[in-house]
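Enquirer: Please work out how this folds:
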Amino acid sequence: MDEGLGRLLAPQTPADAVTGERDSLALLVARVEHALRTRLTPALFEEGLTFEHWRIVAVLLERPGLPMSALAEAAVLPSASLTRHVDRLVERALVVRRIDTHDKRRAVTALSPMGRELALRLRATERDIETDIAMGLGSERYAALVRELRILPHLFD
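Expert: From the prediction side, this is the model:
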């Protein structure tokens with residue numbers, strides 16, 4: 001095992017776990033996002049998409065028909081830049097934007113059939129990356145990581 005990886009996998013002391021003296025949580029999260037971006041970028045580049053586009057498409061794959069405000073929150077993008085990104089995806093016929101039938105003041109968004117096909121291909125690429133992570137951590141630790149990541153944002157509410 002790589003010495004650096006062995007050090008990373010070593011159990012933390014209770015003080016390390018509580019005080020976070022090993023690394024800043026913000027830096028750890030940024031490093032993970034950077035590593036994921038690095039792995040996904042070639043597939044996204046082939047499709048002419050950015051990582052921000054992927055976040056929008058990934059959300060709409062799971063939750064079609066979202067209003068723009070909910071999409072911005074779910075995709076973790078500022079509303080101002082979301083509009084620009086969605087406009088680009090609409091121009092490429094990957095996303096459709098319609099007036100909400102229940103509230104004519106709002107627009108809702110969903111993937112077009114072509115956008116859904118693209119999203120499924122890219123999701124398969126992302127699943128391959130997730131499989132690599134699960135193999136590195138072990139399936140139980142990976143499942144625990146995913147559970148904890150789902151909970152963390154709610155701790156800030």
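Enquirer: going forward, measure contacts between C-alpha atoms and count neighbours the same way
Expert: OK.
Enquirer: Tell me, how many residues neighbour residue 147?
Expert: If you count neighbours by other C-alpha atoms under 10 Å, residue 147 ends up with 11.
Enquirer: Just the element for the nearest residue to residue 76 once chain neighbours are set aside, please.
Expert: Excluding its sequence neighbours, the residue lying closest to residue 76 (C-alpha to C-alpha, 6 or more residues apart in numbering) is residue 55, at 7.9 Å. Following DSSP states H and E, one finds residue 55 within helix 51-62.
Enquirer: Residue 33 too?
Expert: helix 25-46.
Enquirer: Could you list every helix and strand in contact with that helix?
Expert: Packing partners of helix 25-46 (3 or more C-alpha pairs under 8 Å, 6 or more residues apart in numbering; DSSP states H and E): helix 51-62, helix 113-137.
Enquirer: Single out the most deeply packed of those helices.
Expert: helix 51-62 (a mean of 19; mean count of other C-alpha atoms under 10 Å).
Enquirer: what about that one, distance to the chain center?
Expert: Remark: helix 51-62 is offset 7 Å from the chain centroid, using C-alpha atoms, centre = their mean, to the nearest Å.
Enquirer: Can you dump the C-alpha atoms of that helix in CSV for me?
Expert: C-alpha atoms of helix 51-62 as CSV (Å, rounded to 0.1, in the frame of the first residue of the first chain):
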residue,chain,number,x,y,z
PHE,A,51,-19.2,20.4,-14.8
GLU,A,52,-21.9,23.0,-14.0
HIS,A,53,-23.9,21.7,-16.9
TRP,A,54,-23.5,18.2,-15.6
ARG,A,55,-24.9,19.2,-12.2
ILE,A,56,-28.0,20.7,-13.8
VAL,A,57,-28.5,17.7,-16.1
ALA,A,58,-27.9,15.2,-13.2
VAL,A,59,-30.5,17.0,-11.1
LEU,A,60,-33.1,17.0,-13.9
LEU,A,61,-32.4,13.3,-14.6
GLU,A,62,-33.6,12.6,-11.1
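Enquirer: For the helix or strand following that helix, which outside residues touch it?
Expert: Scanning forward in sequence from helix 51-62 by DSSP H and E, the next helix or strand is strand 66-67. Among residues not part of strand 66-67, those counted as contacts by C-alpha atoms under 8 Å, 6 or more residues apart in numbering are 60, 100, 106-110.
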